[in-house]
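S.K.: sharing a model prediction with you, sequence too.
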Amino acid sequence: MGENVIVKLSFDFALEIIVLAEELELKKKFVIANQILKSGTSIGANVWEAQNAETKPILYIK
């Protein structure tokens, strides 16, 4: 099976967000650094959740 593009892209994006947040912290922009870190890395959590979702079978009652 091939590489999952969305997983790779979201992981790479999260790494770039971490670098950006560190740069912002060096400039004493702690509030925006914290917020961008939370929102930028949550994408990966959402992708993981979507990739590993389970659906319960639907039972039809006649």
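M.R.: Perfect, thanks for sending it.
S.K.: so for the helix or strand that contains G44, what's the average pLDDT?
M.R.: Element membership of G44 [criterion: DSSP states H and E] is helix 30-51. Across helix 30-51, the average pLDDT comes to 92.
S.K.: starting at the chain centroid, how far to it?
M.R.: 5 Å (Cα atoms, centre = their mean, to the nearest Å).
S.K.: ok, and what's touching that helix?
M.R.: 4, 6-7, 10-11, 13-14, 17-18, 20-22, 24-25 (Cβ atoms under 8 Å, 6 or more residues apart in numbering). Just so you know, the C-beta spots here come from the backbone N, C-alpha and C atoms, and that holds for glycine as well.
S.K.: and those as a markdown table, adding neighbour count, pLDDT and distance to E49?
M.R.: Listed next are those as a markdown table, based on neighbours: other Cβ atoms under 10 Å; pLDDT from 0 to 100; distance: Cβ to Cβ, whole Å:
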| residue | neighbour count | pLDDT | distance to E49 |
| --- | --- | --- | --- |
| N4 | 12 | 87 | 14 |
| I6 | 12 | 91 | 12 |
| V7 | 14 | 89 | 12 |
| S10 | 21 | 93 | 11 |
| F11 | 15 | 92 | 14 |
| F13 | 15 | 95 | 16 |
| A14 | 17 | 94 | 15 |
| I17 | 20 | 96 | 18 |
| I18 | 14 | 96 | 20 |
| L20 | 15 | 97 | 24 |
| A21 | 21 | 97 | 22 |
| E22 | 11 | 97 | 26 |
| L24 | 18 | 97 | 27 |
| E25 | 14 | 97 | 28 |
